[in-house]
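> Fold the stuff below for me.
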Amino acid sequence: MNKIQGIHHITCMTANPQQNLDFYTQVLGQRFVKRTVNFDDPSTYHFYYGDNVGSPGTIMTFFPWAHIAKGRRGNGETLAIAYAIHPNSVNWWQKWLIKHNIEHSLETRFNQQVVLFADPEEMVIELVANVDQPVPAHWENGPIPAEHALQAFHGVTLGVDDAMPTAALLVGSFGYELVGQEGNRVRYQGAGGFGQFIDLLVRPGHPRGRLGAGSVHHVAFRTVDDSEQLEYLNALHAAGYPATNVKDRQYFHSIYFREPNGTLFEVATDAPGFLYDEPVESLGSELKLPPWLEQHREKIESMVPTIHLDSYA
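As a prediction, this is how the structure comes out:
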């Protein structure tokens, strides 16, 4: 069984689909690569953003639940999402955020500059000045020049009461390695090319988070295919983690479980990918439904809100 190949995607929650669409495409420069529905709740959309083709390691997804209450960050959840940028892009991104009236700060962490800001629902985004790592597939029609574009995920920060149980999972089951510590922040690195860093922010007794708008719902890790995913499922069960059976998510297959401090984890396959049901030229332009929901299309389309793609196309 190979080591986990970094982060596959990160799924979050929003109460405002149009605002969310505009921010992630027009400010962060991510392509809207898929518009489908939450397969467990088809009355709501499931948005996918990423590079030009939706490469694993670039995908941020959102469940737009209208009128959902605002989330509260705390232990047992993801506190921040980090993208990698070229070291020469730090100043460019600061000017870009100022242009869009977005407050930000700059700090140094593990000898790397980090630009910190929040999305419209106060979800924390970090841009980490990483070694030169080209964007997997740059969205040329987007607003960000290729040399300054978000490269892929750098990693995530998890709030934990105790680092040891989560570290045991990362090292023992996923193949991560401890690579550094600064104060109460402990960093682990995976074997993959993108999204390979997991920071544990250790805060004993800190209140638990509450899911809502601006919260991260879960973090998905990459595995190559169904057979390797089955190996992980068996290994997780053997290690005492109650992972679910495999779920068909149309563009990948998934298993889910909670790590010891409470954050929901997923292990997702790279295949079949986002070109499964539409060509690269028209990704995200139509509502895509899996075969088992297609018969309910008319009802579903009447329930989900209208969104405008003019600003993104």
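> switch to C-alpha atoms for all contacts and neighbour counts from now on
Fine.
> end to end, how far does stretch 84-104 reach?
End-to-end distance of stretch 84-104 (CA to CA, to the nearest Å): 16 Å.
> so how far is that stretch from its chain's centroid?
Mean C-alpha position of stretch 84-104 versus that of the full chain (CA atoms, centre = their mean, to the nearest Å) differs by 20 Å.
> Repeat that for stretch 47-66.
Chain-centre distance of stretch 47-66: 7 Å, with CA atoms, centre = their mean.
> Show the average pLDDT along it.
The pLDDT scores in stretch 47-66 average 96.
> Buried residues in that stretch, which are they?
Residues 47-65 are the ones in stretch 47-66 that count as buried (16 or more other CA atoms under 10 Å).
> next one: stretch 151-170
151-163, 166-167, 169-170.
> for stretch 124-133, same thing?
Neighbour counts over stretch 124-133 (16+ other CA under 10 Å) mark 124, 125, 126, 127, 128, 129, 130 as buried.
> what are the phi and psi angles of the fifth one?
Note on residue 128: backbone dihedrals following degrees, to the nearest 10 are phi -100, psi 120.
> which residues of the stretch 51-200 of the chain fall in strands?
With DSSP state E, counting those that start in this stretch as the criterion, the stretch 51-200 of the chain has strands at 59-64, 78-85, 105-109, 112-118, 124-129, 152-160, 177-182, 185-189, 197-202.
> show me the contacts for residue 148.
Residues counted as contacts of residue 148 (CA atoms under 8 Å, 6 or more residues apart in numbering) are 85, 86, 89, 92, 93.
> okay, those in a markdown table with neighbour count, distance to residue 249 and pLDDT next?
A markdown table is the format used below for these (neighbours: other CA atoms under 10 Å; distance: CA to CA, whole Å; pLDDT from 0 to 100):
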| residue | neighbour count | distance to residue 249 | pLDDT |
| --- | --- | --- | --- |
| 85 | 29 | 29 | 96 |
| 86 | 20 | 32 | 94 |
| 89 | 17 | 35 | 96 |
| 92 | 10 | 37 | 98 |
| 93 | 19 | 34 | 98 |
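> Select from those residues every entry located in helices.
92, 93 (DSSP state H).
> any idea how far residue 271 lies from residue 88?
The separation that residue 271 has from residue 88, given CA to CA, amounts to 33 Å.
> now residue 130
Residue 130 sits 10 Å away from residue 88, going by CA to CA.
> still on that earlier bit, okay, the buried residues of stretch 124-133 in a markdown table with pLDDT and distance to residue 182 next?
Below are those laid out as a markdown table (pLDDT from 0 to 100; distance: CA to CA, whole Å):
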| residue | pLDDT | distance to residue 182 |
| --- | --- | --- |
| 124 | 98 | 19 |
| 125 | 98 | 20 |
| 126 | 98 | 17 |
| 127 | 98 | 18 |
| 128 | 97 | 16 |
| 129 | 96 | 17 |
| 130 | 89 | 18 |
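> Format those residues as a markdown table; extra columns: distance to residue 111.
Converted to a markdown table, the buried residues of stretch 124-133 look like this (distance: CA to CA, whole Å):
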| residue | distance to residue 111 |
| --- | --- |
| 124 | 20 |
| 125 | 18 |
| 126 | 15 |
| 127 | 14 |
| 128 | 10 |
| 129 | 9 |
| 130 | 10 |
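> quick one, what contacts the closest residue to residue 20 other than its chain neighbours?
Once flanking residues are discounted, residue 20 sits nearest to residue 14: 7.1 Å by CA to CA, 6 or more residues apart in numbering. Residue 14 sits next to 20, 62, 63, 64, 65, 66, 68, 121, 212, 213, 214, 215 when contact means CA under 8 Å, 6+ apart.
> where's the closest residue to residue 144 other than its chain neighbours relative to residue 278, distance?
Excluding the flanking residues, the one nearest residue 144 by CA to CA, 6+ apart is residue 29, at 5.6 Å. Between residue 29 and residue 278 the computed distance is 21 Å (CA to CA).
> the more surrounded of these two?
Taking other CA atoms under 10 Å, residue 29 and residue 278 do not tie; residue 29 has more neighbours (25 against 15).
> Low-confidence regions, this structure specifically.
The model of the chain has pLDDT under 70 over residues 132-133, 310-313.
> repeat that for 80
1, 131-135, 192-193, 310-313 (pLDDT under 80).
> longest helix of it?
The chain, longest helix under DSSP H: helix 226-238.
> Show me what it is packed up against.
strand 264-269 (3 or more CA pairs under 8 Å, 6 or more residues apart in numbering; DSSP states H and E).
> Sweet, I'm off.
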